[in-house]
Structures are given as structure tokens and as C-alpha cells.
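Colleague: Got a predicted structure plus its sequence, pasted below:
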Amino acid sequence: MASICEISVCATAFYLHPSVGYALWTLAVIVLLIVRLSLIYICCKRSARNEPTPTSLFLLASILWSALLGLGALLCNISGDQTLFLLGNVCAVGVVGGLAGRNAGIPRLVLIQISVIFTLLGIGAALSPSSGKIVLLFQAPFCAAGFFTVAIRSNKDTVALLLAQETSNRLARHDSLTGLPNRARISELLLNRTDTEPTLKPGSFAVLLIDLDGFKAINDSLGHAAGDLVLQESAKRLRAVLRQGDVVGRLAGDEFVAISSDASISEEVRLLADQIVKTLARPFVLNEALVRIGASVGISQYPEHGDTGPQLLICADRALYAVKRSGKSAFAVFDAKTHASDDSLSLLRSDLEGALQSFGSGLRMEYQPIVDLASGVVSGREALVRWTHPTRGELPPTTFVPIAERTGLILPLGEWVLRRSCAEAARWREPVVVAVNVSPVQLREDSFADLVAAVLQDSGLPPSRLNIEVTETVLMSDDVPTRRNVEKLRAMGIGLALDDFGTGFSTLSNLCRFSFDTLKIDSSFVRESVHRRESAAVIRGIVALAHELGIPTTAEGIETHEQLSFVRASGCTSAQGFFLGRSERADRILQI
């Protein structure tokens, strides 16, 4: 619109005073308008294709346009024609007001444009043959208003830019969920403490690596929203426990880290770690549930265990891993002799991933018999995965399965177990059921039921000979993919067994809703049944409930004749354990 206004002034000037100067001015304005419109078109097209745009050329054309506008105002002022004098000044002042109000978001360009226009306009007013000098006074308030408006807008934009940069820096160094420093900020803090001049280095400090126990079950059962609430509450509790000057951050997932200043590996740090364990062991009150988790803590010391941040974190991680292996919900101080041979979590994950990529190299399946208590014959076998590590030897599932769950390898590991179990069971001479444990993460995959169908087709195993075993955490997961997968599995004729019943989120409504084919009573109740009246009552109650629902029961962990006699007398349908038969490889079962 400013260009149209300028062209109208050019046409009027050429009409009143036909001359070469006005003609060239008019032609230059039209050509520059075409050039600017063409540059706008090119910029839009290239921007849509994510290609570089000729922005610099457009800015140059904008400055040239301002110069032409100012030159036109100068020509109108020195023409001596009152009509052109009025039109030139009104057009120039109007354009300046528009630039100051509309385009102040790019203050440097606008200031250059206003300066060029008013400079040429002022020169023209000073050289005008009549009363044009009065125009200089007329221009002054508009010039001041234009510059003031641009300055105010520029200041607001600068403040907004600084605030945006501050927010960006804060987000880059802090966790958005808990507000705690993230891994990058913790690394900076450790670097500042360790990478200084020897004379300026701080005193001893401790690094405490904190991992929540059982957090994954909350995510799997109650959803990620509940998990987020637990993480936020955990962050608040950690802030409250630590002293002034200490720092707590969130590394990733359910892993936190604390830096305890001026601390030594003494009773003081041990008390702090014990406080953390006890604080996080308190129940978490969520919207619809009361949940309990725990915390494992690994401790390293500067400079005894390392003189850099990464070394301290590795030592704390190894101490934490030792706690995880020994039972969780405790703390441990890094010990070079005890923990030096322990591979870190990342190394074990890498080894497990390599084993899966090598078609299960080092991995194998063993099958523990499930005995029918009425007939005494084997009615099924539970598939148990085993791993012979190339350097650490035989590793129990309690060592590497939690790692697979924490690092995302549970999906490929679960698929490998399912394929191998079905393929080997299809070759057994005895047509018994094979029970395969499945993680809730697998059940939430939209394609899980289709994967099971493909595995059965490839192996030739009838669907009636496959039982899918899940833990009670799946009962709390009411997501659509899980329900759809369960319905598809049941429609194919595959059995569904509830493992470790009685130890998790047991609810009768969910038990009926999923229509399980078998309830497996957890071995902890069986183990204590002959010594504790409460455990014996729990087993009798579960069996009675299952009998009313028409669901068979399997007692796990039978290790003595007394335990076997008790579960048989209680009415259990079947049982499994070392007393009834240890797990065997597929080649041994082929001989039966």
C-alpha cells in the first residue's frame, strides 16, 4: 500500500510537470516494486521447500525503496508546486508512521529506513523555494514519535529475546518434569568441582546414584501419568532430605543423582543414604491408588574413587548395581575389590544386545515340569530363559531380565524366548502345554497378538499347547492394546495364566474381567505355608476362590514333601518346583 501511495504521487508529479526526472523516478519505483514482489514470491517458495532464501537481497531492496521514497519527497519539496509539496510530505510522513507501528519487530531495518526517508525529506524541505522550512518543524514530532515507537518496540523485543534465551538455557539444563538439574547440568557441576587448579579444588564430596525400585511396574500397571506423579513426589522428598548446599538431579527415567558437599565416606554419608532409602520407601498417594516403591543407592567418593565426574558416576553405578543384585532397597559404598569385576549396566546391556543380534548366542531355554496332582503326570512345562555370559559365566534371569526391562531390550528378548519355546515344544514327544512368561510391555504392543499367531504358524505348535503367563501388574493396565491382545489370544485358543498371584495388585473385578485359565500361587506363600498359619490361610483362600470361579491353580516353588502334601490337601490342581523336577533342556525332553 505504501508503494501504491508513492506511485500515485509519482503519477501526479509527472502529470503536473512532465519531465525526465519525474519519469525516471516513476519508472524506478515501479521496477523496484516488481523486484520486491518477485523476491517475496521466491522467499515463500524456497521456505516451503526448506531451502535457503534471498533474505539479504530483500532487505537491500527495502532500503532502496526507502531511498526512492525520500528522493521523491525531496523532488516534491524543491519543485515549488504546493500540491506536490503537500502530497510528498503527507506520503512520506504516513509511510514513516506505518513503518514505526507495523514493522518495528525488525528495529534495525526500520531505523535505517526512517533515517533515510527523513534525511532526504529534510534536505528537500531546507532547499524548498517557499515556506518549506516550516516542514522541518512539522516533521520533528513525527520523527521523534517514530524513533520513540521503534525504540520501545525494540526494547520489548530485546527483553523478550533475553527471557527466551534464559528459559532455553534453563530447559537445556533442567528436567522439565521435576525441575531438577538434568544430566547435562550435573555433568557441568561435577566438571566445575573436579576440573580446577589443584590449589582451588574443593574438599571431599560424595556422589549418590539413586534408582527407584519397582517404578517400571507402576508405569506398566497404572500408566505413565501415575509414574510422572511418583517422579515429581520423589524429587520433592529428595530435596527435603538433602542439606543446604547439596545438589540433586535427575539423570534419566527413574534415576536420580545427589552431590553431597563436604562429605566423607563415613557415618554421615551412610546416614544420608539410609534417609533416602527410608524416605522413598514411604507409600505414594496417587489419585486412585496407594503404591509403594523403594530405592537403591550407590555411593562414590571424590577423590578416593575417581578424579573426574564420569569416573565417579561409573563407580556409583557399579555400587548401585551390586545393591540391585543383592535385593534392592538398600545402599552400598563403592569398593574397588568387591565391585571392580562388576560390569556396569551399560556393558551388560551391550552384551545382551549382542547375544540377541547373534541369534541368541549364549542364550538357551530350559523347561520346568508342571505336575498334575491328581494323576501325577506332567501336564505342562514352564519356559525359563538362561544366559551363559562369555566372561562372567552362568547368569540367572534375575540378573539380566531386569536389565532388559530397564533398557528396552525386553521386546526383542521376549520375542526370542517365544519363538524358541514354541519351536522346541513343537518337537516334544509328549503333547503338553508350554508356558511362556510375557512382560506387560509386550502386551501393550499393538502387534503382539499377530506376532504370536505368526510364531505358532512358523513353529507348527497348536494354539491349545501354548499358555501365556503374565504377572498381576497387567491387571491394572486397562489400555486398549492390552485388552485387544488378550481378546485375540483367547480367540485363537491360547491359554492365559496369572503368575505370582497374591503378591501384586490383586483385585477380584480384574480377575473376572480377564478370565484367566490358571492361577499360579507365588512360591513365597508355599515356602512359608508349613511354618506360618497366615500363609497357609492365604493359599486355602486362593484355592477356594479359584474353585468357585472354575479356574485351576498351580502352586510354585515346591521344594519339600511337606509343602507338596499341604498344597495337595488344600486342593491345588497342579504344582511345580525342584522337588517335582528341575528344569531341563529341550534335547533332554526329546528323549522322554
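Modeller: Okay, I see it. Residues are numbered from 1 along each chain as shown.

Colleague: Helices of the stretch 1-150 of the chain, start to end?
Modeller: 2-16, 20-48, 55-78, 82-102, 107-127, 133-173 (DSSP state H, counting those that start in this stretch).

Colleague: Quickly, which of these bottoms out on average pLDDT?
Modeller: Between these, the lowest average pLDDT goes to helix 133-173, which shows a mean of 59.

Colleague: Could you list the buried residues of the helix or strand encompassing residue 209?
Modeller: Using DSSP states H and E, the element containing residue 209 is strand 205-213. Across strand 205-213, burial judged by 16 or more other CB atoms under 10 Å covers 205, 206, 207, 208, 209, 210, 211, 212, 213. Using the backbone N, CA and C atoms, a C-beta is placed for each residue, glycine as well.

Colleague: Now the helix or strand just after it: average pLDDT?
Modeller: Using DSSP H and E, the helix or strand that follows strand 205-213 in sequence is helix 215-222. Across helix 215-222, the average pLDDT comes to 74.

Colleague: Can you dump the C-alpha atoms of helix 215-222 in CSV for me?
Modeller: Taking Å, rounded to 0.1, in the frame of the first residue of the first chain, the C-alpha atoms of helix 215-222 are listed here in CSV:
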residue,chain,number,x,y,z
PHE,A,215,8.9,-48.0,39.3
LYS,A,216,8.5,-49.8,36.0
ALA,A,217,5.6,-51.8,37.5
ILE,A,218,3.8,-48.5,38.2
ASN,A,219,4.2,-47.3,34.7
ASP,A,220,3.1,-50.7,33.3
SER,A,221,0.1,-51.0,35.7
LEU,A,222,-1.2,-47.5,36.4
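
Colleague: okay, the residue nearest to residue 482 when sequence neighbours are not counted: pLDDT?
Modeller: Among residues not flanking residue 482 along the chain, residue 443 sits closest, at 4.8 Å (CB to CB, 6 or more residues apart in numbering). As predicted, residue 443 sits at a pLDDT of 85.

Colleague: ok, residue 443 touching residue 480?
Modeller: No - with contact defined as CB atoms under 8 Å, residue 443 does not reach residue 480; the gap is 11.5 Å.

Colleague: Of the two, which one has the most company?
Modeller: residue 443 (23 against 9; other CB atoms under 10 Å).

Colleague: Could you check how far the more buried one is from residue 432?
Modeller: 24 Å (CB to CB, to the nearest Å).

Colleague: before we move on, back to that, output the contacting helices and strands for the strand holding residue 209.
Modeller: helix 224-241, strand 255-260, helix 267-281, strand 294-302, helix 309-326 (3 or more CB pairs under 8 Å, 6 or more residues apart in numbering; DSSP states H and E).

Colleague: neighbouring strands for it, and are they parallel or not?
Modeller: strand 255-260 (antiparallel), strand 294-302 (antiparallel) (DSSP bridges).

Colleague: need the contact list for the closest residue to residue 71 other than its chain neighbours.
Modeller: Using CB to CB, 6+ apart and skipping residues adjacent in sequence, the residue nearest residue 71 is residue 120, 5.7 Å away. Contact analysis of residue 120 by CB atoms under 8 Å, 6 or more residues apart in numbering lists 67, 70, 71, 73, 74.

Colleague: Roughly how far does residue 237 sit from residue 332?
Modeller: With CB to CB as the criterion, residue 237 and residue 332 are 21 Å apart.

Colleague: more neighbours, the two?
Modeller: Comparing residue 237 with residue 332 by other CB under 10 Å, the one with more neighbours is residue 332, at 21 against 18.

Colleague: so how many other residues sit close to residue 358?
Modeller: 10.

Colleague: Next, work out how far apart it and residue 419 are.
Modeller: 15 Å.
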